[in-house]
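Asks: Please work out how this folds:
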Amino acid sequence: MKLREIASALGCRLEGDGEIEIAGVSGMEHAGPGHLTFLANPKYARKVKDTKARAILVQTPIPGMEIAFLVTEDPYLGFARALALFYQPPRPAPGIHPLASVAPTAVVGENASIGPFAVVGERVRIGRNAVLHPHVVIYEGAAIGDDFLAHSHAAVREFCRIGHRVILQNGVVVGGDGFGFAKRADGTHFKIVQSGVTVIEDDVEVQSLTSVDRATVGETRVKRGAKIDSLVQVGHACTVGEDNIICAQTGLAGSTVLERNVLLAGQVGSSGHLTVHEGAIVYAQSGIGGDVPPSGRISGSPAFAAGEWLRAVTAFPKLPDLLKTVRELKKKVEELEQHAQSDAAPK
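Replies: Below is the predicted model:
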């Protein structure tokens with residue numbers, strides 16, 4: 001593909017030879033003579049002189065460089081879009097494989113592809129252009145929108161609802177039972193029927209081996225545009241807000257509410273019945289024990305304000321020396337007090 005064609009497709013300003021043939025997209029260190037690369041962070045600009053790429057996506061051209069520039073406000077987004085010009089995952093041909101099982105009462109939209117050993121239950125509704133890879137299971141009564149993509153071993157449980165353009169990676173479970181038990185007098189546990197559903201809105205992607213549990217009553221909801229990483233547990237009756245990013249190995253206890261544009265870094269844990277308000281960031285391995293204010297930044301376990309946490313964690317290795325100093329100062333103060341009492345005593 002010629003560089004000018006890429007510039008046109010991405011809406012970039014071209015500075016340099018538009019007739020350069022580009023065969024692919026790569027990072028600066030690994031790019032070859034036929035590649036387009038990108039500079040997302042200006043502090044790495046010094047590395048541009050060492051790249052073998054013929055062209056680079058930048059926010060601002062770098063003077064004196066013999067390389068073509070595609071100028072864009074967001075080079076990383078440009079890089080992501082350029083990748084899609086050169087690579088699209090293979091899409092299976094439309095049709096229902098003979099080894100798939102599709103219930104007679106199910107309604108499957110046009111141009112769908114249903115792979116071998118996939119199962120579509122009774123009264124399921126699936127929109128247009130769906131792709132169900134082998135061993136996907138859609139339980140009875142589920143309703144799914146257009147352009148659905150489910151990779152092998154993903155499962156959508158009974159009566160759950162999924163919007164348009166949703167992607168489920170391998171092994172995702174939507175609507176598995178919430179973890180609910182009532183303790184009997186003899187100490188045994190009575191399973192509480194999980195009668196609610198899970199609702200996944202439009203443009204959501206859920207990565208491999210993640211569970212989004214159904215609610216005991218009511219619903220668990222993942223709102224539009226949220227992206228959930230691998231090995232995440234979303235408990236019953238949780239709400240994941242619009243455009244949330246939830247990173248790997250995070251766990252949300254029941255009835256956790258995440259508002260818009262929340263970011264939870266890896267291995268975050270949340271106790272239930274709390275709200276993380278709009279725009280908040282929770283750093284890795286934090287334990288959330290209460291509400292987080294809008295645009296808050298918290299860290300630690302239990303988590304508190306990130307700035308205070310940074311000061312605390314910096315001080316932590318110094319605590320033995322500080323304790324020793326405090327003991328020495330306390331001893332000196334006691335000695336001074338004894339001298340003062342001695343001097344004040346009647347002669």
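Asks: drop to CA atoms for contacts and neighbour counts, all remaining ones
Replies: Noted.
Asks: for the closest residue to Pro98 other than its chain neighbours, what are its contacts?
Replies: What sits nearest to Pro98 in space, not counting adjacent residues and going by C-alpha to C-alpha, 6 or more residues apart in numbering, is Pro116, at 6.9 Å. Neighbour list for Pro116: His97, Pro98, Leu99, Ala100, His133, Pro134, His135 [criterion: C-alpha atoms under 8 Å, 6 or more residues apart in numbering].
Asks: count of residues packed around Ala345?
Replies: Residues lying near Ala345 (other C-alpha atoms under 10 Å) number 8.
Asks: And Arg13, by the same measure?
Replies: Neighbours of Arg13 using other C-alpha under 10 Å come to 14.
Asks: same question, Leu274
Replies: Counted with other C-alpha under 10 Å, Leu274 comes out at 19.
Asks: same thing with Lys332?
Replies: Residues near Lys332, counting by other C-alpha under 10 Å: 12.
Asks: Looks to me like the residue nearest to Pro98 is in a strand.
Replies: No: if the criterion is DSSP: H, G, I helix; E, B strand; the rest coil, then Pro116 is coil and not within a strand.
Asks: I'd assumed Phe159 was in contact with Val199.
Replies: No: with contact defined as C-alpha atoms under 8 Å, Val199 does not reach Phe159; the gap is 9.4 Å.
Asks: circling back to that earlier point, confidence score at the residue nearest to Pro98?
Replies: pLDDT recorded at Pro116 is 98.
Asks: Distance check, it against Val102.
Replies: Going from Pro116 to Val102 by C-alpha to C-alpha, to the nearest Å gives 11 Å.
Asks: ditto for Glu29
Replies: 48 Å.
Asks: who's more crowded, these two?
Replies: Comparing Glu29 with Val102 by other C-alpha under 10 Å, the one with more neighbours is Val102, at 21 against 13.
Asks: wait, that one sits on Arg123?
Replies: No: when contacts are counted by C-alpha under 8 Å, Val102 is not listed as touching Arg123 (10.1 Å).
Asks: Can you flag which of the contacts of Pro116 belong to strands?
Replies: Assigned to strands by DSSP state E, none of the contacts of Pro116 qualify.
Asks: Out of those residues, which is nearest to His35?
Replies: His133 (32.3 Å; C-alpha to C-alpha).
Asks: most residues in a single helix of this structure, which one?
Replies: The residue-count maximum for a helix in the chain (DSSP state H) belongs to helix 319-344.
Asks: Backbone dihedrals for Leu14, please?
Replies: Taking degrees, to the nearest 10, you get phi -90, psi 130 for the backbone angles of Leu14.
Asks: What is the burial count for the closest residue to it other than its chain neighbours?
Replies: The shortest distance from Leu14 to any residue other than its chain neighbours is 4.9 Å, reached at Leu70 (C-alpha to C-alpha, 6+ apart). Counted with other C-alpha under 10 Å, the neighbours of Leu70 add up to 30.
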